[in-house]
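Trainee: quick one, what's the 3D model for this:
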Amino acid sequence: DIVVHNVGGTLQVRSAFAPVADWNRVIRYNVGIALEINNCVIPAMQARRWGRVIHISSISAQSLRGSPAYASSKALLNAYSTSVGRAVAPDGVVVSAIMPGAFIAEGGHWGNIAKTNPEMMADFLRHHHAIGRMGAPSELVPFVLFMASTHVTFAIGAVLPVDGGTM
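Mentor: You can find the predicted model right below:
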């Protein structure tokens with residue numbers, strides 16, 4: 001009834017000139033897995049005439065900072081979410097995406113930066129987050145719960161930034 005796709009990463013592909021095979025790996029990881037799962041679960045949602053699919057994207061899809069392959073794959077995920085959302089809307093299924101900004105989590109990229117390079121963290125926050133701090137996972141959860149609720153019937157293909165005022 002409700003699927004939250006929370007998979008993503010650069011897979012260490014950082015160069016805009018990385019080989020196509022590397023770009024394909026990043027796209028597969030950030031979009032392809034969700035696409036395959038959706039192809040399995042959405043028909044059952046359509047048959048029941050209710051379902052929610054929430055993709056955790058990234059504000060990188062709009063800001064285009066960081067890994068070009070990652071940002072591009074998240075932009076593709078947003079376009080996919082909107083397109084599929086429109087296709088299944090008549091069946092009572094709502095597909096959406098949430099674009100988090102930089103969140104700090106144990107073992108994650110920014111968690112590691114905070115521990116190993118606090119100067120880099122401070123510089124990033126000063127230049128890129130209007131709120132001046134990283135997001136906490138608890139600040140993303142309410143948006144996911146809302147998008148999974150019965151209250152979003154008019155949010156077809158919505159792509160929602162939750163990004164601390166990314167600049």
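
Trainee: only C-alpha atoms from now on, for both contacts and neighbour counts.
Mentor: Will do.

Trainee: wouldn't Met121 be in contact with Lys115 here?
Mentor: No - using CA atoms under 8 Å, Met121 is not in contact with Lys115, being 9.2 Å away.

Trainee: so for these two, which residue has more residues nearby?
Mentor: Met121 (18 against 9; other CA atoms under 10 Å).

Trainee: let's see the helix or strand harbouring Ile27 as PDB, backbone CA atoms only.
Mentor: Ile27 belongs to helix 20-27 when assigned by DSSP states H and E. Below are the C-alpha coordinates for helix 20-27, written out as PDB (Å, rounded to 0.1, in the frame of the first residue of the first chain):
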ATOM      1  CA  VAL A  20      29.200   5.900 -19.500                       C
ATOM      2  CA  ALA A  21      29.400   2.600 -17.600                       C
ATOM      3  CA  ASP A  22      29.900   4.500 -14.300                       C
ATOM      4  CA  TRP A  23      27.000   6.900 -15.100                       C
ATOM      5  CA  ASN A  24      24.800   3.900 -15.800                       C
ATOM      6  CA  ARG A  25      25.700   2.300 -12.400                       C
ATOM      7  CA  VAL A  26      24.700   5.500 -10.600                       C
ATOM      8  CA  ILE A  27      21.500   5.800 -12.600                       C
END
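
Trainee: average pLDDT for that helix?
Mentor: Averaged over helix 20-27, pLDDT sits at 98.

Trainee: packing partners of it?
Mentor: helix 68-88 (3 or more CA pairs under 8 Å, 6 or more residues apart in numbering; DSSP states H and E).

Trainee: hmm, His55 is touching Ser81, no?
Mentor: Yes - at 7.4 Å, His55 and Ser81 qualify as touching, with contact defined as CA under 8 Å.

Trainee: many thanks, have a good one.
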